[in-house]
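**Student:** Fold the stuff below for me.
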Amino acid sequence: MKKKYKPDDYIYACARISAVEGGLIGSERCARLSDTKTAAEFFRALEEYGVHTQVKETASESTALAQLESALTGILTDAFSLVSRIAPQPKLFDFFRYPYDCHNIKSALKSSLRGTEPDMLLLPFGTVEPSAAATLASQR
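**Tutor:** Numbers count the residues shown, from 1 in each chain. Sure thing, here's the model as predicted:
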């Protein structure tokens, strides 16, 4: 059944998302990020682009990368949360979360077949809780 919505209900949400879009890192900046040689260079470039990661310059490379992953996870969580808060019908946007569901299910199944824990592979952005995907995969 096709969901009905009124376009006028989304004027604020569209304007707010358009405003946030201006702060996104474009393809040119992504190319520059991929050319960085060290983690410290990468983090400095991110800071220049307005992505605040709270990574300390003195941190080891592995610690810095873990902190970066945490920061980027927080940014993406905030983005999904923003859409959920401002959209009159947030369920209409769940299709943006489906790739994360697929990733979690695939990771959980592979981990189950290998006899390993999938916790470090699962992402919290899907419509299905990562723990539920892991439980279902372990039960096959």
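
**Student:** And the helices in the protein, which stretches?
**Tutor:** 11-21, 27-34, 39-48, 61-86, 98-114, 130-139 (DSSP state H).

**Student:** Pipe those into TSV and attach mean pLDDT per row.
**Tutor:** Below are these laid out as TSV (pLDDT from 0 to 100):
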stretch	mean pLDDT
helix 11-21	86
helix 27-34	85
helix 39-48	80
helix 61-86	84
helix 98-114	93
helix 130-139	87
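
**Student:** Between the two ends of stretch 45-62, how far is it?
**Tutor:** One end of stretch 45-62 sits 18 Å from the other (C-alpha to C-alpha, to the nearest Å).

**Student:** Can you add distance to P124 and mean neighbour count and give the helices of the chain back as TSV?
**Tutor:** For glycine as for every other residue, the C-beta is placed from the backbone atoms N, C-alpha and C. Below are these laid out as TSV (distance: least, C-beta to C-beta, whole Å; neighbours: other C-beta atoms under 10 Å):
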stretch	distance to P124	mean neighbour count
helix 11-21	20	12
helix 27-34	23	11
helix 39-48	21	16
helix 61-86	7	14
helix 98-114	8	16
helix 130-139	6	16
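
**Student:** got JSON lines for the ones you listed, with distance to M120 too?
**Tutor:** Converted to JSON lines, those look like this (distance: least, C-beta to C-beta, whole Å):
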{"stretch": "helix 11-21", "distance to M120": "29"}
{"stretch": "helix 27-34", "distance to M120": "23"}
{"stretch": "helix 39-48", "distance to M120": "19"}
{"stretch": "helix 61-86", "distance to M120": "10"}
{"stretch": "helix 98-114", "distance to M120": "9"}
{"stretch": "helix 130-139", "distance to M120": "11"}
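
**Student:** Out of those helices, the one nearest K4 is which?
**Tutor:** Among the helices of the chain, helix 11-21 comes nearest to K4, with 16.6 Å by C-beta to C-beta.

**Student:** any residues touching that closest one, and which ones?
**Tutor:** The contact list for helix 11-21 (C-beta atoms under 8 Å, 6 or more residues apart in numbering) reads A79, L82, V83, I86, A87, P88.

**Student:** Likewise for stretch 79-91?
**Tutor:** 3, 5, 9-10, 12-13, 16-17, 20, 93, 96-97, 125.
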